[in-house]
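J.: Just to be clear, the model below is a prediction. Sequence and coordinates:
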Amino acid sequence: MQGQVVVGSSVELADGGRLVVDVDGTEIGVFRIDGALYAYGNYCVHAGGPVCQGMIINRVVERLDDEKRSLGDAFSDDVHIVCPWHGYEYDLRTGRHPGDPRVRLRGYRVFEKGGEIVVEL
């Protein structure tokens with residue numbers, strides 16, 4: 001199917017939340033992060049896992065001092081989705097893997113219209 005598909009009501013998707021929907025056999029995850037919408041195919045590039053159903057977490061980064069010694073871990077402002085099969089991570093705002101930006105989720109255009117969430121296939 002090509003075109004625009006209503007996947008839910010705007011009130012169904014709170015900030016920080018997600019909807020995972022099936023559109024004619026294609027599973028798509030829709031996320032609202034800081035008020036913005038993002039949509040990706042529910043297919044992990046690593047091994048085909050249901051990535052959009054994974055944990056949503058801020059990226060963990062190692063803090064280093066001036067001499068590159070570890071000061072421990074901290075959470076960044078980058079919001080990631082973690083595939084439940086093998087822990088592969090993707091930035092929810094870009095769909096890219098943080099270690100290799102050439103690796104990315106399949107994105108879909110998503111927007112709100114008349115109180116509904118619409119995905120363009």
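T.: Here it is on my side, so go on.

J.: my guess is Phe31 contacts Asp15, does it?
T.: No: judged on CB atoms under 8 Å, Phe31 makes no contact with Asp15 at a distance of 9.8 Å. C-beta: built from backbone N, CA, C; applies to glycine.

J.: could you pull out the strands for this structure?
T.: 4-9, 18-23, 26-33, 36-41, 55-64, 70-82, 89-91, 107-113, 116-120 (DSSP state E).

J.: Sketch out the low-pLDDT regions of this structure for me.
T.: 1 (pLDDT under 70).

J.: give me the number of residues near the closest residue to Glu116 other than its chain neighbours?
T.: Nearest non-adjacent residue to Glu116, counting by CB to CB, 6 or more residues apart in numbering: Val6, 4.8 Å away. Using other CB atoms under 10 Å, Val6 has 13 other residues around it.

J.: what separates Val6 from Asp22, distance-wise?
T.: 13 Å (CB to CB, to the nearest Å).

J.: re earlier: bridging residues for the residue nearest to Glu116?
T.: Counting by DSSP bridges, Val6 forms beta bridges with Val118.

J.: got it, and Gly107?
T.: Tyr40.

J.: Ok, the one 5 residues further on next?
T.: According to DSSP bridges, the partner residues bridging Glu112 are Ile117.

J.: swap in Val60?
T.: Here Val60 sits in beta bridges with Phe75, going by DSSP bridges.

J.: ok, it - contacts?
T.: Val60 makes contact with 73-76, according to CB atoms under 8 Å, 6 or more residues apart in numbering.

J.: if we can go back for a sec, in terms of neighbours, single out the busier of Phe31 and Asp15.
T.: Using other CB under 10 Å, the more surrounded residue of Phe31 and Asp15 is Phe31, with 23 against 10.
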